[in-house]
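Q: fold the stuff below for me.
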Amino acid sequence: HLGARRYEVGLLAAHLRNRDTTADIHEAAFTGDVPFVGIDRNGYLSRAIQQTMHQFIDVNTNSCAFETETFYRWMEFIKNFDGMMSLTSPLNAVLPISNLSAYYQFVTDAGETVIITGVPGETAEGPAVMAQDTFAISSMTEHPDQCWAFLMYLMEDAPQQILSGFRMRRDLMEQELAAAMLPNDEENALFYGWTDENNEPLPSLTEETVAYLRELIDSLDYVRFSDEDVINIVTEEVSSYFSEPEFTAQEVAARIQDRVSTYLEETKEQS
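A: Okay, the predicted model is just below:
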């Protein structure tokens, strides 16, 4: 893909009180010491596949490795996944942060900076970029210049300003961050009109929280896995592991290994 108009970050946003590091968050979640907010097992499975498949698939060599202890544990964790609605525990996980307003809502609910991590896993990796709209210029097109002009148009002020995700342009992102720190009773504030139960303006984002969010965005270096055919294979087989107790993790992983290997080989031959 050549580019994206907007993006969200996630998958796991953790409200951090008693944990010091990303590794602590991952270990707590992976061992079940965390309630998840607003997402069920099937929803989590979909998101987890998108963010963790690069641990099991090497797109450069068209190979995969699902018959591993890491993948067995990954399936077991999701099988025992227990989605909950709670913001009262020391550590909470929520859905992806799709834009600055969504992040602000979480901060407002939590009463402090919300720490965003990746999905729980052996490698404790950070969050991934999940592009909402992606575009590519076909090598077969007869109008490459016009295609490029359209992509450049999407980066102009007007298209960028009407999008709901995080801004792709640094200058527009900085404008939003600055507006997010203005008192919410000022008309130029990003969250002007946001009030509490007493109809009083909610606190704006602090400089500390904005600095954290800026650092987070700058650190993003992974784009979610997006091969729908592989995602469908893994989803189908892992779902059978949930619903058919006679299958072991090893048996399901072997089926996934066989099907994905065949698919990758066919894809390689076609290219």
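Q: where does this structure dip in pLDDT?
A: Per-residue confidence of the chain (counting by pLDDT under 70) places the weak regions at 1-39, 81-96, 117-126, 132, 271.
Q: who does the helix or strand hosting Met130 touch, helix- and strand-wise?
A: Using DSSP states H and E, the secondary-structure element containing Met130 is strand 128-131. Taking 3 or more CB pairs under 8 Å, 6 or more residues apart in numbering; DSSP states H and E as the contact definition, the neighbouring helices and strands of strand 128-131 are strand 7-10, helix 41-52. All C-beta atoms are positioned from the backbone trio N, CA, C, and that covers glycine.
Q: what's the next helix or strand after the last one in contact with?
A: As assigned by DSSP H and E, the chain's next helix or strand after helix 41-52 is strand 57-58. Residues outside strand 57-58 that contact it (CB atoms under 8 Å, 6 or more residues apart in numbering) are Ser63, Cys64, Ala65, Phe225, Val230, Val260, Leu264.
Q: which of the residues you listed count as buried?
A: The neighbour count (16 or more other CB atoms under 10 Å) marks Cys64, Phe225, Val230, Val260, Leu264 as buried among those.
Q: would you convert those residues into CSV that also reports distance to Gln175 and secondary structure?
A: CSV is the format used below for the buried ones among the contacts of strand 57-58 (distance: CB to CB, whole Å; DSSP: H, G, I helix; E, B strand; the rest coil):
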residue, distance to Gln175, secondary structure
Cys64, 43, strand
Phe225, 32, coil
Val230, 38, helix
Val260, 43, helix
Leu264, 43, helix
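Q: pull the CA atoms of stretch 67-76 into CSV?
A: Output in CSV follows, covering the C-alpha atoms of stretch 67-76 (Å, rounded to 0.1, in the frame of the first residue of the first chain):
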residue,chain,number,x,y,z
GLU,A,67,3.5,-25.1,15.4
THR,A,68,5.2,-23.4,18.3
GLU,A,69,4.7,-23.0,22.0
THR,A,70,4.2,-19.3,21.5
PHE,A,71,1.2,-19.9,19.2
TYR,A,72,-0.2,-22.6,21.5
ARG,A,73,-0.1,-20.1,24.4
TRP,A,74,-1.6,-17.4,22.1
MET,A,75,-4.6,-19.6,21.3
GLU,A,76,-5.0,-20.6,24.9
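Q: so which bits of that stretch are buried?
A: For stretch 67-76, the buried set under the neighbour-count rule, 16+ other CB under 10 Å, comprises Phe71, Tyr72, Trp74, Met75.
Q: show me what the helix or strand containing Ile256 is packed up against.
A: Using DSSP H and E, Ile256 maps to helix 249-270. Other elements packing on helix 249-270 under the criterion 3+ CB pairs under 8 Å, 6+ apart are strand 63-64, helix 69-79, helix 228-243.
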